[in-house]
Every structure is written in structure tokens, then in C-alpha cells.
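1. Show me how the following folds:
(one chain, ligands or ions: 1)
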Amino acid sequence: MWTSFTRSLGATLVGLSCAAGTLADNPVIKERFSADPAALVHDGKVYLYVGHDEATPEGDFFVLREWNIYSSDTDDLDNWTLEGDVPRTIFEWAEADSAWASQAIEHNGKFYWYTTVRGVDPEDSLGGYTLGVAVSDNPVTGWKDALGKPLLDPAETDPAPHMIEHSHSWDDIDPSVFVDHDGQAYLYWGNSHLYYAKLKDNMIEFDGEIHQLEIAGIPGPFTEAPWLHEKNGQYYLTFAMNYPEELAYAMSDSPAGPWKYKGLLMDTLEDSGTSHQAILEVDDKDYFIYHTAALPTGGNFRRSVSIEHLNYNADGTIAKITPTASGISDTAQTLQSLAGAEQYLRYGDGSEVSLAVRNNDEHWQNVWHIKPLLAGDNTVSFQPETRTGYYLIADEGKLSIERHDGSNSFAQAATFEEVNGLSNGDLSSFRSRSDSAQYLMVKDGALVLAKPDSAADRKAATFQVAAGE
Ligand code: FUB
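-> The predicted structure is shown next:
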């Protein structure tokens, strides 16, 4: 653990948007925390519906007082504009800071937004989280509770056994709405138990019974976050499994199932127990939108939305997705040292940074996202590509990979200056901003911050930066 900078944390917390010129990378929403993304395409724009995580860094549960709606042009998806905030209180019958996962859809000229909120249980028996539905004429403003009551009484479903001893249940959360080619709408939802029901054409009432379903071949417990989509006549049900959550998927020939487990989409995340995905197809491209704990001071209850490309294999299965710092349009790079043959800067799961021959089986460990955290001439910072929110820092001359704690002193420690390579001007060297005599260099097989004293040192302080993907 790094020490000297964390001591001053309280006094020097900086804003979440301290990154200089990093708009195109992950997380895509940097101005505040955002969770449980859902996407909707309308009239040349993609709208993102997210929950606004407002727990403190010490908080031990979700605090979501409102949902936020962002938009981006369909040919952009890097720059997101906050269009509006919708308070949980639009559902007057609900309680608590419970603006949990939601999804909006356009149907028959109106917009319907299915949300999770915590319902008040008048009889003080097993109440619980339930579903609300709001309606509007446009994707951003004027959202009104469509029913003036929950879409579902939690008593209509049987909570999972581990919920019974609690004062409320949470099996009725995380709605995902889908309208099939024949116009039939379906709502999927659930935690521990997975449910679906058809919706009437008015979109605000169930049509027939609620089904509890199983996914054939699922290797662990279904947790939550179902999301239904269709591609080339195949139906996909993506969801969170186990805890900490992995994201996985099942396929079917029909939105009503039966569903067959098909594999993992994303491994568990660093620093966030939950994971929650939306699938977006726009302009013939497919995207995977999810949350992580990547922003400084992020965590289980302080999440932020990221985007990756989603690729289908020829047989319709989906290729596994790696969470990255570069996201859909920024670049990732490798750093090859001139100190020895084929020596690349490499990270692992911990704080060590090492040098090693490239190993294609562990491709990601050599890939970095190099962007300035702080503005300045030729400033750069090094994020391990698959550990968003972690940076290479120099702390009293010692180099390590640590999580950004939100302090200005951390950002300083993670900021270097890129100059012409000391032994080859076409390449790069990186020096300390506080002591311009100190360079990143390889000594005795390790990366150190030191003063190059010889031609060999200057070579050891020179790196070739190349595209990493
Ligand atoms: O944001 C609150 C809850 O955390 C969501 O409803 C779940 O999907 C999980 O992400």
C-alpha cells in the first residue's frame, strides 16, 4: 500500500472529473457516479438511463435518490450529456433512496420506463422491492407514474428462502422490457428468482400469469440484472450470476424460453460486487454497457458506467468481454524497454510492476492506457488497461500500481512527463515532474525511478510505445 499520499487525503480530495482530456475512455460518465445502465435509441441519439449512486465512501449500502438520463449522438458514444434527473419520488407510494435498476422503451409513440423501487408495505408483513412503471411522450422529460401504484405486489411472487428472515424481499427487482417482432411485449425481472410475464398492449399491466423460470445448464445461482435482446432471430438473456457477480448469458428461439446457458460474458469486477449490463445495437454495431468501480473513491455503492464493443461469433454466441480503460474508441499501448530483448512493462493483480517477455496468453498484462491525469506539458499517466482506476505511481521513489483515491496528491504521484527517448530521440523517456533528473528506468530487471548516469542507464530509461491491441 502506498502511504505518504493517503495521509493527506482528507484535505485534498479533488473533483471526479480531474482527468485532463480523457473523455473518450472508460468510464464514460465521469462527472458523478452512475450504475445499472439501460440504453434506448431514439431519433439519432442513444439515451442512457442510470441510477445515481450517492453513498459516501464509507457507506455500506446503496443510496440512489434519483435516476439520471444521459444522451449521446448515435455516431459518438464517447461524449454524454446529462439531459435530466428523475427523482425516485415520482413514485409517491415508494420509499427510501431506492432508485435501483430500470429500463425504458419506446412503444406505440410513447415511452415506458420500468424501474425498481422499494414499496411501502401497509401491513408491515413481508413487503419489499418492487416494480414501478412511468410513462412519457419523450425519452427525457415529463415522466409520470403510469399506475399510481406498483406494477406488481411483491406478494404475487415467492421470495427466495434467504430473503424470508428480512423485513422485506428483493426478488422483484431489475426489470428488462422487450417487444418482439409481433408486437408482444415481455417483462423479465428478478433477484435469486428469475421471472417473466407478458405485458398487455397498454404496457402497464401484466397479460396473464407470472412465470418463474430456470436456465438450463447454468453453472451457478442466477443473481439479478436480466436483460433481453434479439439478434438475427436468436433471443439472448444476459444476467448477473454468483456473487461477486459474473455476467453471463443464455439463448433461446423464443422470448418466452426455454433458455439454455451459453457462457460467461464478463468476469467479476475489481472493487465492485455487482455488475449490471445493457446491450445496445446502433448503426450495425453492438455494444456492451456496464458499471464498474473505476472512478476515484469508487466501490460497491459508488459505481460508474463503461462501454465495450460486443462481438458475436459466427454461430451466434457472444465473445467474452474484458473491461478496459480505453473503452470503445481510445487507444491502449504497450511499453517495450530498450534495456533487454523483448522486455515489456507488465502488471498483475497486485501493486507490482515488472518487466517480462510478452506472453500472448496473458496479452492484457502488457497493455496500458496512457493518458494524462493532470494537465501539463507532455504529462502522462499509466493505467493498466484491464484495471480501470488503478495507476502507476511514484511514492518516495518507489513505483507501484495503486487505486486512485481521489486526492490531488495521488494524481500528482501518478503523473509523469514524456520526453524524447534519452538513447533514441524517436522513442520515449518518462521523467518525474517533481524532480526532472529522475526517470523511469529498468535496473536489475525492475522498473525504478532513478537518475540515468551512463549510456547503459539512458538506454534503460528509453521505451518504445506501440499500439497495444
Ligand atoms: O443498484 C442497485 C442494485 O445493484 C441493482 O438493482 C442491481 O442490479 C445491482 O446492480
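2. Make sure Pro323 is actually in contact with Leu269.
-> Yes - applying Cβ atoms under 8 Å, one finds Pro323 in contact with Leu269, separated by 6.5 Å. Yep, even glycine has a C-beta here, placed from its N, CA and C like the rest.
3. ok, the residue nearest the centre of the chain to the ligand distance?
-> Geometric centre of the chain, nearest residue: His291, 2.1 Å, by Cα atoms, centre = their mean. To the ligand, His291 is 7 Å away according to Cβ to the nearest ligand atom, to the nearest Å.
4. now Pro296
-> Here Pro296 is placed at a distance of 20 Å from the ligand (Cβ to the nearest ligand atom).
5. Tell me how many other residues crowd Ala240.
-> Counted with other Cβ atoms under 10 Å, residues neighbouring Ala240 total 28.
6. One more: the one 4 residues further on?
-> Neighbour count of Pro244, defined by other Cβ under 10 Å: 16.
7. hang on, it is in a helix, isn't it?
-> No - counting by DSSP: H, G, I helix; E, B strand; the rest coil, Pro244 is located in no helix; its state is coil.
8. Ala467 contacts Gln333, correct?
-> Yes - using Cβ under 8 Å, Ala467 is in contact with Gln333, at 6.2 Å.
9. Between these two, which has more neighbouring residues?
-> Set Ala467 next to Gln333 and count neighbours by other Cβ under 10 Å: Gln333 wins out with 20 against 9.
10. Do you know the pLDDT at the closest residue to that one other than its chain neighbours?
-> Of all residues not flanking Gln333 in the chain, Gly468 sits nearest, at 4.6 Å (Cβ to Cβ, 6 or more residues apart in numbering). Note for Gly468: predicted pLDDT of 84.
11. Surely Gly468 and Arg358 touch.
-> No - the criterion here is Cβ under 8 Å, and Gly468 misses it with Arg358 at 10.4 Å.
12. still on that earlier bit, tell me what the helix or strand hosting the residue nearest to the centre of the chain is packed against?
-> Using DSSP states H and E, His291 falls within strand 285-292. Contact partners of strand 285-292 among helices and strands, from 3 or more Cβ pairs under 8 Å, 6 or more residues apart in numbering; DSSP states H and E: strand 35-42, strand 259-266, strand 278-282, strand 304-309.
13. Save those strands as CSV, and put in mean neighbour count too.
-> Listed next are those as CSV, based on neighbours: other Cβ atoms under 10 Å:
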stretch, mean neighbour count
strand 35-42, 24
strand 259-266, 19
strand 278-282, 20
strand 304-309, 24
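14. Let me see the backbone angles for Asp207.
-> Backbone dihedrals for Asp207, given as degrees, to the nearest 10, come out at phi -110, psi 90.
15. returning to what we had before: of all the helices and strands packed on strand 285-292, which lies closest to the ligand?
-> The ligand lies closest, by Cβ to the nearest ligand atom, to one member of those: strand 35-42, at 4.8 Å.
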